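Asks: Starting from these lines, generate the structure:
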Amino acid sequence: MAFSSGCLLRAVIYPDSDDMADPLGNGTDTVYDRVEFAYNAQGQVIWQKDQAGNIIQTDFDTAGRETHRRATTVAGGFDDAVERISTVYDSLGRVSTITQYDDPTVGTGNVTDQVKYTWDGWGNLTQFAMDRNSVISGGTDASDGYYDVDYTWAKATAGRNTIRKSTMVMPEGSTLTYEYLSTNSLHDNDASRVTRVKVSTTAVAAYAYNGVSQLVATDLPQPDVFMLLYDPADEDDYDRMDNFGRVTQSKWTRDLGTDKDFYHTTITWDRNGNVTVIEDQIHSGLDVSYTNDNLGRLTTAEEGTWGGSSISSRTRQQNWTLDQVGNWSNAQLDVCGMASRFAWLCSPLTRVPRSNSIVRAWRARHSEAKRHAMPPETDEYDDDRITSGPRRRVRR
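Replies: Residues are numbered from 1 along each chain as shown. Prediction:
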């Protein structure tokens, strides 16, 4: 049984639909561009229909867990190799297996592939196994499509009482070892923080922390790249964080004779902890300014060149109008200044063409761009139509 409610999204209707008078109808040309939804009494989506007519139905057990996701209708031109995904849980509610079938009806069809999770008594994953062409049946041969990743866990021997990951064995047999060190006055063993990851005897990653758990350095020796949140000339100077521990500079650097940053952004925060500006120090024209309302909710995002107080040479702007509880009443996207194939979006999208010939031409011209950039024109909540206009990274 499906339910509708004034607070559940009934449909998303895109601007090229010409059925404004009857938003859930098919319009004068019997062609529509919308996605529809139906729910159970718990508010979970149990039915969804897309623009092409594909219908996905989702089944839940009495605990509210998804058990089957079924493609009950597959439109022409769409891949129908998998028409059902079924999930089985163990007695503690953890996912045991996920199996894909070529038939949407439960209890029928052939298995196309399966994954299996094995857990220890502490709830830690000890094995992730998959068979890419059949059900898992104890096989261990990759030539038959079987692969697995195995994990071992061990009790910490110092510091706080905990169970922590010690190794991971990859499908091809290589073993990753996680080290928790106490040398050189480190407290990673006591805090069960990973100091270093090794493949056999080769270190592939190393980490450093501030306080209990804040990651402030990552070193990747093989590609010779690193990230620091402190001054490399003074390890006590965390000049890339503010007094509240928030990252103000995020850099990734190639370790060369003369080091070279390949990623570098500066981040500005307001007193409420919201990001207000991100400046790209590597690429020009990719700065972003964010505006929040008095409740700390994002209302505007502008991309272009930050000049210290505003964005110039703007290439993208998004605006959101929010109601008292945070729902969109209007969403606008403006990509003026971007590639020419998006230039049409610089014209208003507050109206939808009514003439069938205009609609067909409009769809033919803008179908590709819409897939990448077009926001919904209408969100349908039951019978109340809401229209909208045009729409850390972290050395040793």
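
Asks: And Gln51, what's its pLDDT?
Replies: Here, the pLDDT recorded for Gln51 equals 89.

Asks: what does Leu24 give?
Replies: 73.

Asks: Next, count neighbours for it.
Replies: 15 (other Cβ atoms under 10 Å). Quick note: C-beta positions are derived from backbone N, CA and C, even for glycine.

Asks: Was I right to think it contacts Ala11?
Replies: Yes - contact criterion Cβ atoms under 8 Å: Leu24 and Ala11 qualify, at 6.2 Å.

Asks: What segments of the stretch 251-396 of the chain are helices?
Replies: Listed in chain order, the helices of the stretch 251-396 of the chain (DSSP state H, counting those that start in this stretch) span 356-373.

Asks: how far away is Thr167 from Thr177?
Replies: 5 Å (Cβ to Cβ, to the nearest Å).

Asks: Tell me which residues touch Tyr101, please.
Replies: Each residue near Tyr101 by Cβ atoms under 8 Å, 6 or more residues apart in numbering is listed here: Val82, Glu83, Arg84, Ile85, Ser86, Thr108, Gly109, Asn110, Val111, Thr112.

Asks: Name the residues linked to it by a beta bridge.
Replies: Arg84, Val111 (DSSP bridges).

Asks: Point out where this protein drops to low pLDDT.
Replies: The chain contains residues with pLDDT under 70 at 1-6, 16-23, 27-30, 138-142, 336-396.

Asks: Which strand in it has the most residues?
Replies: Identified as the longest strand of the chain according to DSSP state E is strand 311-322.

Asks: Other residues contacting it?
Replies: With Cβ under 8 Å, 6+ apart as the criterion, strand 311-322 contacts 285, 287, 289, 293, 297-305, 328-338, 391.

Asks: So what's the residue count around the closest residue to Ser134 other than its chain neighbours?
Replies: Computed as Cβ to Cβ, 6 or more residues apart in numbering, the closest residue to Ser134 that is not its neighbour in sequence is Val111, at 5.8 Å. Each residue near Val111 was counted by other Cβ under 10 Å, and the total is 15.

Asks: Please report how far Val111 lies from Ile85.
Replies: The gap separating Val111 from Ile85 is 11 Å, by Cβ to Cβ.

Asks: what do the two both touch?
Replies: Thr99, Gln100, Tyr101.

Asks: any idea which of those is closest to Asp219?
Replies: Using Cβ to Cβ, Gln100 comes nearest to Asp219 of the shared contacts of Val111 and Ile85, at 39.8 Å.

Asks: Quick check: that closest one touching Ile85?
Replies: Yes - contact criterion Cβ under 8 Å: Gln100 and Ile85 qualify, at 5.4 Å.

Asks: Residues touching stretch 275-294, excluding its own?
Replies: 261-270, 272, 274, 298-306, 310-311, 313, 315, 322.

Asks: Narrow those to those that are buried.
Replies: Buried members of the contacts of stretch 275-294, counted by 16 or more other Cβ atoms under 10 Å: 264-268, 301-306, 311, 315, 322.

Asks: Reformat those residues as TSV; add distance to Trp122.
Replies: Converted to TSV, these look like this (distance: Cβ to Cβ, whole Å):
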residue	distance to Trp122
His264	41
Thr265	39
Thr266	42
Ile267	37
Thr268	42
Ala301	43
Glu302	48
Glu303	46
Gly304	50
Thr305	52
Trp306	48
Ile311	50
Thr315	50
Leu322	43
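
Asks: For Arg69, see how far away Ile85 is.
Replies: Distance from Ile85 to Arg69, by Cβ to Cβ: 5 Å.

Asks: so what's Ser185 up against?
Replies: With Cβ under 8 Å, 6+ apart, Ser185 has no contacts at all.

Asks: where does it fall, phi/psi-wise?
Replies: For Ser185, the backbone dihedrals (degrees, to the nearest 10) come out as phi 70, psi 20.

Asks: Tyr230 versus that one, what's the distance?
Replies: 16 Å.

Asks: ok, now Lys49?
Replies: Lys49 is 53 Å from Tyr230, by Cβ to Cβ.

Asks: same deal with Ile136?
Replies: From Ile136 to Tyr230 the distance is 47 Å (Cβ to Cβ).

Asks: Any chance of the backbone angles for Ala203?
Replies: Dihedral angles (degrees, to the nearest 10) for Ala203: phi -70, psi 130.

Asks: in stretch 221-231, what's buried?
Replies: So, applying 16+ other Cβ under 10 Å, buried residues of stretch 221-231: Pro221, Val225, Phe226, Met227, Leu228, Leu229, Tyr230.

Asks: Looks like the fifth one contacts Ala217 (just checking).
Replies: Yes - applying Cβ under 8 Å as the test, Leu228 and Ala217 come out as touching, 5.2 Å apart.

Asks: Please export the C-alpha coordinates of stretch 191-210 as PDB.
Replies: Output in PDB follows, covering the C-alpha atoms of stretch 191-210 (Å, rounded to 0.1, in the frame of the first residue of the first chain):
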ATOM      1  CA  ALA A 191      45.300   6.000  21.200                       C
ATOM      2  CA  SER A 192      45.100   3.200  18.600                       C
ATOM      3  CA  ARG A 193      45.800   5.600  15.800                       C
ATOM      4  CA  VAL A 194      47.400   4.200  12.600                       C
ATOM      5  CA  THR A 195      50.900   5.500  12.300                       C
ATOM      6  CA  ARG A 196      52.000   3.700   9.200                       C
ATOM      7  CA  VAL A 197      50.600   1.300   6.600                       C
ATOM      8  CA  LYS A 198      53.000  -1.300   5.000                       C
ATOM      9  CA  VAL A 199      52.700  -3.700   2.100                       C
ATOM     10  CA  SER A 200      55.100  -6.500   3.200                       C
ATOM     11  CA  THR A 201      58.000  -4.400   4.500                       C
ATOM     12  CA  THR A 202      57.400  -1.300   2.400                       C
ATOM     13  CA  ALA A 203      55.700   1.700   3.900                       C
ATOM     14  CA  VAL A 204      53.100   3.100   1.600                       C
ATOM     15  CA  ALA A 205      51.500   5.700   4.000                       C
ATOM     16  CA  ALA A 206      52.300   7.500   7.200                       C
ATOM     17  CA  TYR A 207      50.200   9.700   9.400                       C
ATOM     18  CA  ALA A 208      50.600  12.300  12.200                       C
ATOM     19  CA  TYR A 209      48.000  13.700  14.500                       C
ATOM     20  CA  ASN A 210      47.200  16.600  16.700                       C
END
